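Engineer: The sequence and its predicted three-dimensional model are supplied below.
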Amino acid sequence: GAVVSQHPSWVICKSGTSVKIECRSLDFQATTMFWYRQFPKQSLMLMATSNEGSKATYEQGVEKDKFLINHASLTLSTLTVTSAHPEDSSFYICSARDQRGTRRKEQYFGPGTRLTVT
Amino acid sequence: GENVEQHPSTLSVQEGDSAVIKCTYSDSASNYFPWYKQELGKGPQLIIDIRSNVGEKKDQRIAVTLNKTAKHFSLHITETQPEDSAVYFCAASRLDSNYQLIWGAGTKLIIKP
C-alpha cells in the first residue's frame, strides 16, 4: 500500500518552454501533497505544500508564478515549471500524505522526475 | 527553527557487519522521526519510523532508537547486504507544524562485498 507515482520520470525541454509533472497517489487519498527539489548529493528541499482544493503554500524563496502547483483532487497534484531555464534543471520529487486516520504523520514519496532544460 | 544533523556523511561497512547512522535534532517538541532510504535516481522510501512515546522500534534487520532527553535518534542495520547500499535520510517533525519534515543531510552507506 501507499504507492505514489510520478509522470514523466524524465523530461528534456528547451529553455523558455513549460513542463508539467504529475503526481498521483494510487491506493490512498492524499489530503496533502508536497513538492521537493533535490540537487545532486544533497538532501531534499521542500518547495511547496498543497492541500486538496486549496492554494499551495510555497516555501521562502520559491517563486509561485514560476512553479505552479495544482491539487485538484485527492489523488492528483501537478507541478508546472513555467518558462523553464537551465538553472531549473533538477530532480523533482513529490510526496503524499493522508492527514486523516492513524497514518497521518507518514509521507510517501514518488519516484521523482529528472528535468533537464537545454 | 528545527535543525537536524546527521552523521556520518559516508559509511562503509563489510557485508554482514552492522551499520549505525546517528541524527540529532534541536526542537524538543518534535515527536515523529522517520528514516528514508534513497537509491540512485529514485525517490525516498520510508523504511522505519518512531514516535516520541517509544524508545526503540525494530523491523527485521532494521531498528531505530530514540533518546528524547539527549534529542538524538539512530538507525541500526544488522547483517548488512549489498542491497542495503543507498543514501539514508533521517527527518524530524511535529504536530503543530503539520508534520512537515526537517531533513538530515543524508548518509551514503556503502556495503563492501
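Structural biologist: Arrived safely, thanks for sending. Fair warning: this is a prediction, and the values are worked out from it, not measured in the lab.
Engineer: number of nearby residues for B:I48?
Structural biologist: Burial measure for B:I48: 19 neighbouring residues, criterion other Cβ atoms under 10 Å in any protein chain shown. Glycine gets a C-beta too; all of them are placed from N, C-alpha and C.
Engineer: err, A:C94, not the other one
Structural biologist: Neighbour tally, A:C94, other Cβ under 10 Å: 31.
Engineer: pretty sure it is in contact with A:Q107, am I right?
Structural biologist: No. A:C94 is beyond contact range of A:Q107, at 9.9 Å (criterion: Cβ atoms under 8 Å).
Engineer: where do the contact lists of the two overlap?
Structural biologist: Contact with both A:C94 and A:Q107 is made by residues A:F34, according to Cβ atoms under 8 Å, 6 or more residues apart in numbering or on different chains.
Engineer: hey, where'd the strands end up in chain A?
Structural biologist: A:4-7, A:10-13, A:19-25, A:32-38, A:44-51, A:57-58, A:67-73, A:76-81, A:90-97, A:108-109, A:113-117 (DSSP state E).
Engineer: Report the angle between the third one and strand A:67-73.
Structural biologist: If you take axes from the mean of the first three to the mean of the last three Cα atoms, to 10 degrees, strand A:19-25 sits at 30 degrees to strand A:67-73.
Engineer: now strand A:19-25 and strand A:90-97, what's the angle there?
Structural biologist: Using the same axes, to 10 degrees: strand A:19-25 against strand A:90-97 is 30 degrees.
Engineer: A:S50 pairs with what?
Structural biologist: Beta bridges link A:S50 to A:M33 when assigned by DSSP bridges.
Engineer: Is there a neighbour count for it? I'd like the number.
Structural biologist: 25.
Engineer: dump the residue contacts of it.
Structural biologist: Residues near A:S50 by Cβ under 8 Å, 6+ apart: A:32-35, A:56-57, A:69-71, A:77.
Engineer: One more: B:V64?
Structural biologist: With Cβ under 8 Å, 6+ apart, B:V64 has these contacts: B:33, B:35, B:48-50, B:56-58, B:73-76.
Engineer: now do A:C23
Structural biologist: Going by Cβ under 8 Å, 6+ apart, A:C23 touches A:4-6, A:33, A:35, A:76-79, A:94, A:96, A:110.
Engineer: One more: A:S25?
Structural biologist: Contacts of A:S25 (Cβ under 8 Å, 6+ apart): A:3-4, A:33, A:74-75, A:96, A:108.
Engineer: returning to that earlier point: now mean pLDDT and distance to B:G106 too, for the strands of chain A, in JSON lines please.
Structural biologist: What follows is the strands of chain A, written out as JSON lines (pLDDT from 0 to 100; distance: least, Cβ to Cβ, whole Å):
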{"stretch": "strand A:4-7", "mean pLDDT": "96", "distance to B:G106": "20"}
{"stretch": "strand A:10-13", "mean pLDDT": "97", "distance to B:G106": "22"}
{"stretch": "strand A:19-25", "mean pLDDT": "96", "distance to B:G106": "22"}
{"stretch": "strand A:32-38", "mean pLDDT": "95", "distance to B:G106": "10"}
{"stretch": "strand A:44-51", "mean pLDDT": "94", "distance to B:G106": "9"}
{"stretch": "strand A:57-58", "mean pLDDT": "94", "distance to B:G106": "24"}
{"stretch": "strand A:67-73", "mean pLDDT": "92", "distance to B:G106": "23"}
{"stretch": "strand A:76-81", "mean pLDDT": "96", "distance to B:G106": "23"}
{"stretch": "strand A:90-97", "mean pLDDT": "96", "distance to B:G106": "13"}
{"stretch": "strand A:108-109", "mean pLDDT": "94", "distance to B:G106": "14"}
{"stretch": "strand A:113-117", "mean pLDDT": "97", "distance to B:G106": "18"}
